[in-house]
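Chemist: Return atomic coordinates for the entry below.
(chains A and B)
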Protein chains: 2
Amino acid sequence: MNEFEIIKRYFQRKIDDPDLKLGIGDDCAIFNFGSNNVAVTTDTLVEGVHFFPDVEPHALGYKSLAVNISDLAAMGAVPRYFTLAMTIPEYNQQFLEQFTHGLFEIANRHQIRLIGGDTTRGPLSITITAIGEISHGKEITRHKAKIGDDIYVSGDLGGAALAVFLKSNQTHLNDQYLEIEAFKRLEYPIPRVNLGLKLVGIASSMLDLSDGLSSDLEHIVRLSNVGAIIDLDLIPYSQSLYEIDMLNRINMAISGGDDYELCFTSDPENREAISKLSTELNIPVTIIGSITDNIGNICYHMKGMPFELHTKGYNHFTD
Amino acid sequence: MNEFEIIKRYFQRKIDDPDLKLGIGDDCAIFNFGSNNVAVTTDTLVEGVHFFPDVEPHALGYKSLAVNISDLAAMGAVPRYFTLAMTIPEYNQQFLEQFTHGLFEIANRHQIRLIGGDTTRGPLSITITAIGEISHGKEITRHKAKIGDDIYVSGDLGGAALAVFLKSNQTHLNDQYLEIEAFKRLEYPIPRVNLGLKLVGIASSMLDLSDGLSSDLEHIVRLSNVGAIIDLDLIPYSQSLYEIDMLNRINMAISGGDDYELCFTSDPENREAISKLSTELNIPVTIIGSITDNIGNICYHMKGMPFELHTKGYNHFTD
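Modeler: The predicted structure is shown next:
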């Protein structure tokens, strides 16, 4: 099976979309967004860095696209198209079937269409570039947090980091249900697209939590030229952390990555609107702190006292 | 040095472009193309597959982007933006300096701007997604070649394949100048952007030669539902093939990949216009055959006789 047969068999799907002028099969894909803006994001998943060598191909296909959709969600963009650059060691029918099953499962859920890419042989690695549509001036960036804004996170935190810990240490929880929950967070993160879209005009800044709250929040603090205070008692810890002691729980929820929840800031006057949104979408949303004038600093508090974090979020090249 | 410092130090450049609403540093980049279409292409270069492990980082940076710009050129699109997903085994200042030097050299030449990406640790691999702008309905696709059209190639063919052959076999040409020429074709291909743009409205179909003429032309034949005849006596063989015997010369020029010249079809009535274009742009353009009604077949002729090709273009997963 050659690369063109692989593309045709596994990746080429019928796309019914008047904005797409040309899909898979030419030098480029071509589309038109009328007068709206185009949002573009790229994320790579490398074996041994972003996923374990024995990951289920279905989960890998799902997650490769999910993390990119999550970036679109974090701008308040509507997911539209993506390209897939896939490097695989060899042709493997079972792998490709399961991978594409996971990939198109989430693609179809979010109506995001595969329009091109590149299939090459080499060490397993997946790079997706996702393209979204956004109304002029409606994007939610990282640089407009205001002093006094509330800081929110969606969902709960720490489950993905727990799964990485269990897997890396070849250990298990006593409660198998909690362990399954943790792995679901790691392998099947839920991009918060609807929440991101509804927060347009409400959130002053937003990003998705990929490297861990402590690391990701630094971007908002630095780019908005503000400070932040986080109350560790308010963090929505993942239920799966139930068996974990408090210090490790904080560590996993604050410094662990891979949760792909949204973190955003908003003027306190929007609390009721956000609470209604949360109910309407059935997505938990929690205030965990606020933006301060302590420029460049993020302070953590627990039980009213300053608390010093001992670990930072994940960072390539410094670990 | 962490990934954010790497991005800031090596990749973040001042971009003065009113269409770019948001560049590097957020979840997505955002741009606006008014009422024009957006062309998107992705290409991956993997160590040991697309380049030799001892490739000059400068050449790697250059070529990673050049092959993507070449895809935009092959649609008749104007290069505008690109994202870079870079997987490198470790932080290496010298590598990054030379790589970015080559990358931005060609980026600046074509005014294409880096707007985002991902930097991760792992086996060396580069994936670039390039984005171009194209007027509504002006794209030059692969599926509109007409029976009777001339088939053209730009530049000359076979130099890149010769360089791969010399390198793989640890051998040399007698003439060092010719050898340098061959490696220039392999490492510093010239995307034919201006030619691609000028061929809008003139070429009926077009693509760039990455896998080799015999393999790439099959896409036009298949997608346009036509046949083709190629006269091997008309092929513009690279000067660097001077020392190579005729059969290997044909092999390298027809089945070798990596030349990144344009191959296009056009009605014979456009011959004069294309000849003038070639002179104006100082890019050789040669008629090498024509589109036939022998659907699905490409026939090769030499000295008026049918000639059977014994090798095909490069194809991942079948070699």
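
Chemist: Next, the contact list for the residue lying closest to residue A:155 once chain neighbours are set aside, please.
Modeler: Nearest residue to residue A:155, sequence neighbours excluded (C-beta to C-beta, 6 or more residues apart in numbering or on different chains): residue A:261, at 4.3 Å. All C-beta spots, glycine's among them, are computed from the backbone N, C-alpha and C. Residue A:261 makes contacts with A:153-157, A:192, A:208-209, as judged by C-beta atoms under 8 Å, 6 or more residues apart in numbering or on different chains.

Chemist: Now with 7 Å, please.
Modeler: A:153-155, A:157, A:192, A:209 (C-beta atoms under 7 Å, 6 or more residues apart in numbering or on different chains).

Chemist: Which ones among those map onto strands?
Modeler: A:153-154 (DSSP state E).

Chemist: quick check, nearest of the contacts of residue A:261 to residue A:114?
Modeler: residue A:192 (21.7 Å; C-beta to C-beta).

Chemist: separation between the closest one and chain B?
Modeler: For residue A:192, the distance to chain B equals 12 Å [C-beta to the nearest C-beta, to the nearest Å].

Chemist: wait, isn't that residue in contact with residue A:283?
Modeler: Yes: using C-beta atoms under 7 Å, residue A:192 is in contact with residue A:283, at 6.5 Å.

Chemist: Between those two, tell me which one has more neighbours.
Modeler: residue A:192 (25 against 17; other C-beta atoms under 10 Å in any protein chain shown).

Chemist: mind pulling up the phi and psi values for that one?
Modeler: phi -90, psi 60 (degrees, to the nearest 10).

Chemist: With residue A:129 instead?
Modeler: According to degrees, to the nearest 10, residue A:129 has phi -110, psi 120.

Chemist: Run a quick neighbour tally on it.
Modeler: Residue A:129: 32 neighbours (other C-beta under 10 Å).

Chemist: For it, give me its contacts.
Modeler: A:40, A:42, A:82-83, B:42, B:83, B:129.

Chemist: In a helix, residue A:166, correct?
Modeler: Yes: under DSSP: H, G, I helix; E, B strand; the rest coil, residue A:166 sits within a helix.

Chemist: wait, what's in contact with it?
Modeler: A:172-173, A:179, A:182.

Chemist: any idea how far it lies from residue B:141?
Modeler: Per C-beta to C-beta, to the nearest Å, residue A:166 is found 50 Å from residue B:141.

Chemist: quick one on the thing from earlier: just the ones of the contacts of residue A:129 in strands?
Modeler: A:40, A:42, A:82-83, B:42, B:83, B:129.

Chemist: Please convert the residues you listed to CSV, extending it with distance to residue A:96.
Modeler: Listed next are these as CSV, based on distance: C-beta to C-beta, whole Å:
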residue, distance to residue A:96
A:40, 26
A:42, 22
A:82, 17
A:83, 17
B:42, 18
B:83, 25
B:129, 22
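
Chemist: if we can go back for a sec, list residues touching both of residue A:192 and residue A:283?
Modeler: residue A:154.

Chemist: thought residue A:83 was touching residue A:119?
Modeler: No: between residue A:83 and residue A:119 there is no contact, the gap being 11.3 Å when judged by C-beta under 7 Å.

Chemist: Compare those two and say which one has the larger neighbour count.
Modeler: residue A:83 (25 against 21).

Chemist: In contact with the more buried one, which residues?
Modeler: A:115-117, A:128-129, B:40, B:42, B:129.

Chemist: In TSV, list the residues you listed along with pLDDT and distance to residue A:202.
Modeler: TSV is the format used below for the contacts of residue A:83 (pLDDT from 0 to 100; distance: C-beta to C-beta, whole Å):
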residue	pLDDT	distance to residue A:202
A:115	92	31
A:116	91	34
A:117	89	35
A:128	96	28
A:129	96	28
B:40	95	31
B:42	93	34
B:129	96	31
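
Chemist: ok, of those, which one's closest to residue B:244?
Modeler: residue B:42 (33.5 Å).

Chemist: how many neighbours does that closest one have?
Modeler: 27.

Chemist: what does residue A:86 give?
Modeler: 27.

Chemist: Chain B contacts on the stretch 151-300 of chain A?
Modeler: Selection of the stretch 151-300 of chain A residues close to chain B by C-beta under 7 Å from any C-beta of the partner chain yields A:207-208, A:223.

Chemist: For residue A:261, give me phi and psi.
Modeler: Per degrees, to the nearest 10, the backbone of residue A:261 is at phi -90, psi 160.
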